[in-house]
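K.L.:
predicted model and sequence below, questions to follow.
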Amino acid sequence: MSEILGILASILLLFAGIFILIQVKSGLSTPNLTTWFVNLCVGTINAFTFHQVVNSNIYQSLIMFMSLLTLLLIFFYTMSKGKFAKLDRLDIILFVLAIFVGIVWKLTDDRLANFLVQIVIFIANSATIIGLWQKKLREYYIPWLFAVSAYLVAITGLMLSSNTDYLAYFGPILNGIIANGLILIISSKTKN
């Protein structure tokens, strides 16, 4: 059952990515460069370290690889079309903070490193959360509903598996549910 849930979570996340691409193309979304750039860089590392955390279970780590694929597509499409929001001082501060935590991550052991990677991703996601809250960015809530749903399904799959490592839950909860959930809530209350 956890295998089916891993696949379902990945499909839901793929739909989230497709909807974000459509929104960027139609102008309904103004992505934050700090969020997407840091997530792309760290997401690459995260996909492979998470794979190790779930004992190389491809079904449980599939969502992280799907996340990386959607990050690549969205980042390069948005960059090529010049549709990223302009950076402001807060974006730069969050970017520098993410780099600092990334340096600490590089100097630590594997378990602490995976924990710190999630913190870096959350800091980067905070740039979008704050930008939406301040009405400097625009997002439509539908893809974020798919993203939160994907991580809820992935967490359920983790719970049904034999993986009892609490670290496997940290990233999906912090970034999949909390960060994406905040974006979902704020964007659902904002008119585009």
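P.N.:
Structure's in. What do you need? Numbers count the residues shown, from 1 in each chain.
K.L.:
show me how far stretch 78-90 is from its chain's centre.
P.N.:
Centre-to-centre, stretch 78-90 and its host chain are 18 Å apart (C-alpha atoms, centre = their mean, to the nearest Å).
K.L.:
stretch 36-50 too?
P.N.:
In terms of C-alpha atoms, centre = their mean, the gap separating the centre of stretch 36-50 from the centre of its chain is 9 Å.
K.L.:
now do it: everything it contacts.
P.N.:
Contact with stretch 36-50 is made by 61, 64-65, 67-68, 71-72, 74-75, 78, 84, 95, 98, 102, 110, 113-114, 117-118, 120-121, 123-125, 168, 171, as judged by C-beta atoms under 8 Å, 6 or more residues apart in numbering. Placement of C-beta: from N, CA and C, glycine included.
K.L.:
if we go by neighbour counts, what in that stretch is buried?
P.N.:
Neighbour counts over stretch 36-50 (16 or more other C-beta atoms under 10 Å) mark 36-43, 45-47, 49-50 as buried.
K.L.:
separation between residue 143 and residue 100?
P.N.:
As for residue 143, its distance to residue 100 is 30 Å (criterion: C-beta to C-beta, to the nearest Å).
K.L.:
who's more crowded, the two?
P.N.:
Between residue 143 and residue 100, counting by other C-beta atoms under 10 Å, residue 143 is the more crowded of the two (26 against 12).
K.L.:
in contact with residue 70, which residues?
P.N.:
For residue 70, the set of contacting residues under the criterion of C-beta under 8 Å, 6+ apart consists of 13, 14, 16, 17, 20.
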